[in-house]
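Student: Provide a 3D model corresponding to the input given below.
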Amino acid sequence: MAIEALLFDVDGTLSDTEREGHRPAFNQAFEQFGLDWHWDAELYGKLLAVTGGKERIRYYVEHFRPSYVRPANFDGLVNKLHTAKTRHYTTLLAQGLIPMRPGVKRLLQEARAAGLRLAVVTTTTPENVTSLLRHSLAEDAETWFEVIAAGDIVPAKKPAPDIYHWAMREMNLTPQQCLAFEDSRNGLISSLEAGIRTLVTVNGYTAQDNFDGALAVLSDLGEPDAPFKLVSGETYGKTFVDVSLLKRWCEH
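Tutor: Numbering: from 1, shown residues only. Okay, here's the model as predicted:
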């Protein structure tokens, strides 16, 4: 069956938001609340094994700060920290400090011109998604996507497939009509368990992950003057991802 829709993860896939966006925003929130917590790049790489910002804070306290005395309303503190972190993150976005990854804008524009339907499927908050699209892609980029499945719209986050199932129900699509874009092992598990063929573009945090089952694994989507690096898979002589290559992968 021919692909009709492209479903994109956000953090690490559309943009390298984790290292230079979410991580410093978390640190700013911790400082704002008078906490002596600091997530350096190495520690944050370990924390990325946990999906979801609030879940990541809880995991950090449990595994890296066992002596921390939790206040009575610890869940309330976690929610406040995450809200503050989102504000700091959107400030970084508004300053234009978090660009799209190579090839993303070009492929999205080509897909729209080819009549493919687009969706965002992520565990980050809706506010983070819309801010990134608006400030790093185009002012009207939110309207490019038929569905933005984000945040706590389903209780079980990736690697559970629930967010993909939700998006496909909203779009009245089957897995065979979709192609997913992910950057991490958890994301790939989520999309594959939903039955969706998946292309992986790695980043510095995920380059060593196991991506068995992906259509192909690339450094990024590439540009005509800046080819991607092939990690695994067949690219049929192509050096950047375009709609014709997506269709070729799905045909085979």
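
Student: what are the ranges of the helices in the stretch 1-150 of the chain?
Tutor: 17, 23-32, 41-47, 53-64, 74-94, 104-113, 126-136 (DSSP state H, counting those that start in this stretch).

Student: now do the buried residues in the third one.
Tutor: Same thing as helix 41-47. Buried residues in helix 41-47, counted by 16 or more other CB atoms under 10 Å: 44-45, 47. The way it works is simple: take the backbone N, C-alpha and C, and place the C-beta from them, glycine included.

Student: next: stretch 199-218.
Tutor: Neighbour counts over stretch 199-218 (16+ other CB under 10 Å) mark 199-203, 205-206, 209, 211, 214-218 as buried.

Student: who touches that stretch?
Tutor: When contacts are defined by CB atoms under 8 Å, 6 or more residues apart in numbering, stretch 199-218 is touched by residues 12-13, 16, 18-19, 44-45, 48, 101, 179-185, 188, 192, 197-198, 219-221, 228-235, 241, 246, 249-250.

Student: how about stretch 166-181?
Tutor: Contacting residues not belonging to stretch 166-181 are listed as 1-9, 13, 117, 119, 121, 146-147, 149, 153-154, 164, 191, 194-201, 215, 246, 249-250 [CB under 8 Å, 6+ apart].

Student: quick one: end-to-end length of it, please.
Tutor: In stretch 166-181, first residue to last residue: 16 Å (CA to CA, to the nearest Å).

Student: how about stretch 180-200?
Tutor: End-to-end distance for stretch 180-200: 8 Å, by CA to CA.

Student: what's the average pLDDT for that stretch?
Tutor: Across stretch 180-200, pLDDT averages out at 97.

Student: now stretch 3-18
Tutor: 94.

Student: what's around R169, how many residues?
Tutor: Using other CB atoms under 10 Å, R169 has 11 other residues around it.

Student: give me the domain ranges for the chain.
Tutor: The chain resolves into domains spanning 5-16+99-251, 18-94 when parsed by automatic domain parsing.

Student: follow-up on the earlier one: show me the contacts of stretch 166-181 that map onto strands.
Tutor: In strands, judged by DSSP state E, the following of the contacts of stretch 166-181 are found: 5-8, 117, 119, 121, 147, 149, 197-201.

Student: out of those residues, who's the most crowded?
Tutor: V121 (31 neighbours).

Student: who touches it in this structure?
Tutor: With CB under 8 Å, 6+ apart as the criterion, the residues that contact V121 are 7-9, 149, 163-164, 167, 180, 191.

Student: what does R87 give?
Tutor: Shown here is R87, which makes no contacts under the criterion CB under 8 Å, 6+ apart.

Student: output the below-cut-off pLDDT ranges for the stretch 1-150 of the chain.
Tutor: Across the stretch 1-150 of the chain, no stretch falls below the confidence threshold (pLDDT under 70).

Student: how many neighbours does E146 have?
Tutor: Using other CB under 10 Å, the number of residues around E146 comes to 14.

Student: for it, which non-adjacent residue is spatially closest?
Tutor: R117 (5.3 Å; CB to CB, 6 or more residues apart in numbering).

Student: isn't that neighbour up against A5?
Tutor: Yes - here R117 lies in contact with A5, judged by CB atoms under 8 Å, at a distance of 4.1 Å.
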